[in-house]
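In: Give the three-dimensional model of this entry:
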Amino acid sequence: MHLSLRARPLPADSRHSMLRFASRLGPMLALAARDRVEVVAGKAAPASRDPSATLVWDAPRLHGLYFEDQSKRPETDAPLHADDASFLGQVASEISSFLEGSQNDIRLQAITLAPRGTAWQRLVWEQLRAVPRGQTLSYLGLARRLGRPKAVRAVAQAVACNPWIILTPCHRVLGSDGSLTGFAAGLARKRALLELEEARA
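Out: Numbers count the residues shown, from 1 in each chain. The predicted model follows:
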């Protein structure tokens, strides 16, 4: 029997789950998302809902990662659903290991993320994830990588909206003079992250 999964992008068919956890740099929140999908036996169902389809939750993906006291994080009181506990627990473990200096970027980049943001924001975030540990660049440098050297302000706005702190390493972006600027979790944490990465680059 062939099973096909077809995502149904209805807001009511999304579910969130949240885990609070301690880290070396302070309390953090990991937010998972799942969408309902149709499981249909045999051939793919037509565009309208197939009466024989069964609705199930798909695999969890990371919708957001934040320090609990950082600015520009969504206010949420989502419960921790039992079937998301393992996924979010693994995320917390990977982040904690990274902050203790015993984890590398490869394991962090393997965490499945839930798509977020506009097309432009996603382009900026993809470029951020390509900046290696121990390296930094300026907002202008990031704009140049995107082929938009005059879009420095738009780049900075997209960086500020990053929903996956540490995973999308916006702490690696500095001012044009090399100064520490614009980090939603505070400049002390930005400095600590850069020092951690420089020590283990």
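In: In contact with the closest residue to L174 other than its chain neighbours, which residues?
Out: Nearest residue to L174, sequence neighbours excluded (C-beta to C-beta, 6 or more residues apart in numbering): T136, at 5.1 Å. For every residue, glycine as well, the C-beta is placed using N, CA and C. Neighbouring residues of T136 by C-beta atoms under 8 Å, 6 or more residues apart in numbering: 172-174, 194.
In: where's the nearest residue to E198 once chain neighbours are set aside, which helix or strand?
Out: Excluding the flanking residues, the one nearest E198 by C-beta to C-beta, 6+ apart is G134, at 5.5 Å. Assigned by DSSP states H and E, G134 falls within no helix or strand.
In: And G134, how far from L194?
Out: The spacing between G134 and L194, counted by C-beta to C-beta, to the nearest Å, is 9 Å.
In: got the buried residues for the helix ranked longest in the chain?
Out: Ranked by number of residues, the top helix in the chain under DSSP state H is helix 85-99. Neighbour-count burial for helix 85-99 flags 87-88, 91-92, 94-96, 98-99 (criterion: 16 or more other C-beta atoms under 10 Å).
In: cool, stretch 141-155 as well?
Out: Neighbour counts over stretch 141-155 (16+ other C-beta under 10 Å) mark 141-146, 151-152, 154-155 as buried.
In: okay, how far is it across it, tip to tip?
Out: Using C-alpha to C-alpha, to the nearest Å, one end of stretch 141-155 lies 10 Å from the other.
In: got it, and stretch 60-78?
Out: 14 Å.
In: Off-centre distance for that stretch?
Out: With C-alpha atoms, centre = their mean, to the nearest Å as the basis, stretch 60-78 stands 10 Å off its chain's centre.
In: How many residues are close by Q121?
Out: Neighbours of Q121 under the rule other C-beta atoms under 10 Å: 19.
In: What strand or helix carries it?
Out: Assigned by DSSP H and E, Q121 falls in helix 119-129.
In: ok, so of the buried residues of stretch 141-155, who is nearest L108?
Out: L142 (19.5 Å; C-beta to C-beta).
In: List the contacts of the nearest residue to the closest one once chain neighbours are set aside.
Out: In space, and not counting its chain neighbours, L142 is closest to V155: 5.2 Å by C-beta to C-beta, 6+ apart. Counting by C-beta under 8 Å, 6+ apart, V155 touches 124, 139, 142-143, 146, 148.
In: Return the residues in contact with R122.
Out: Counted by C-beta under 8 Å, 6+ apart, R122 has contacts 115-116.
In: separation between the nearest residue to V56 once chain neighbours are set aside and A59?
Out: Distances taken as C-beta to C-beta, 6+ apart place V39 nearest to V56, at 5.6 Å, with adjacent residues excluded. In this view, V39 and A59 are 13 Å apart by C-beta to C-beta.
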